[in-house]
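A.B. asks: Okay, here's the prediction I keep looking at, along with the sequence it came from:
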Amino acid sequence: MPTDKEVAEWMVDQFNNQFWLYQEDTVYKIKNKFGTEFVYQNENGNYAISKKVLKEFKSLTEGKIVWERGQRAWRKLKPNENYKGRQVE
């Protein structure tokens, strides 16, 4: 049985071949690869990544990856971009 940290590590590995990690794609990949215990349905009825997995993901990527709310995706910091917090507009 995988752990929350192992799922988060898998998310980090997904950045090896891409600049963006889209939440909608990622949540379904997690559900299919690791199981429903790592996702939940939010108040809108959409699947979301569990808060425990996201906490682990944040601890693994703090200062390296940011969340772009408009894109609904995480991305790597751009060259010469300073980390000013997890979320950017």
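C.D. replies: Perfect, thanks for sending it.
A.B. asks: what's the lowest-mean-pLDDT helix or strand in the chain packed up against?
C.D. replies: Ranked by mean pLDDT, DSSP states H and E, the weakest helix or strand in the chain is strand 87-88, scoring a mean of 84. Under the contact definition 3 or more Cβ pairs under 8 Å, 6 or more residues apart in numbering; DSSP states H and E, strand 87-88 sits against strand 65-68. Bear in mind the C-beta positions are built from the backbone N, C-alpha and C, glycine included.
A.B. asks: where along this protein do the helices fall?
C.D. replies: Taking DSSP state H as the criterion, the chain contains helices spanning 4-14, 23-34, 51-61.
A.B. asks: would you turn those helices into TSV with mean neighbour count and distance to Gln71?
C.D. replies: Below are those laid out as TSV (neighbours: other Cβ atoms under 10 Å; distance: least, Cβ to Cβ, whole Å):
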stretch	mean neighbour count	distance to Gln71
helix 4-14	17	15
helix 23-34	15	9
helix 51-61	16	16
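A.B. asks: Just tell me which of those helices ends up closest to Pro79.
C.D. replies: In terms of Cβ to Cβ, the element of the helices of the chain nearest to Pro79 is helix 51-61, at 17.1 Å.
A.B. asks: Compare the helices of the chain and give me the one nearest Glu89.
C.D. replies: Glu89 lies closest, by Cβ to Cβ, to one member of the helices of the chain: helix 23-34, at 16.3 Å.
A.B. asks: List the contacts of that closest one.
C.D. replies: Under the contact criterion Cβ atoms under 8 Å, 6 or more residues apart in numbering, helix 23-34 has outside partners 2, 6-7, 10-11, 14, 38-39, 47-49, 53, 72-74.
A.B. asks: likewise stretch 4-12?
C.D. replies: Under Cβ under 8 Å, 6+ apart, the answer for stretch 4-12 is 21, 26, 30, 33-34, 38, 50, 52-57, 59-61.
A.B. asks: 7 Å instead, please
C.D. replies: Leu21, Thr26, Ile30, Phe34, Phe38, Ser50, Lys52, Val53, Glu56, Phe57, Leu60, Thr61 (Cβ atoms under 7 Å, 6 or more residues apart in numbering).
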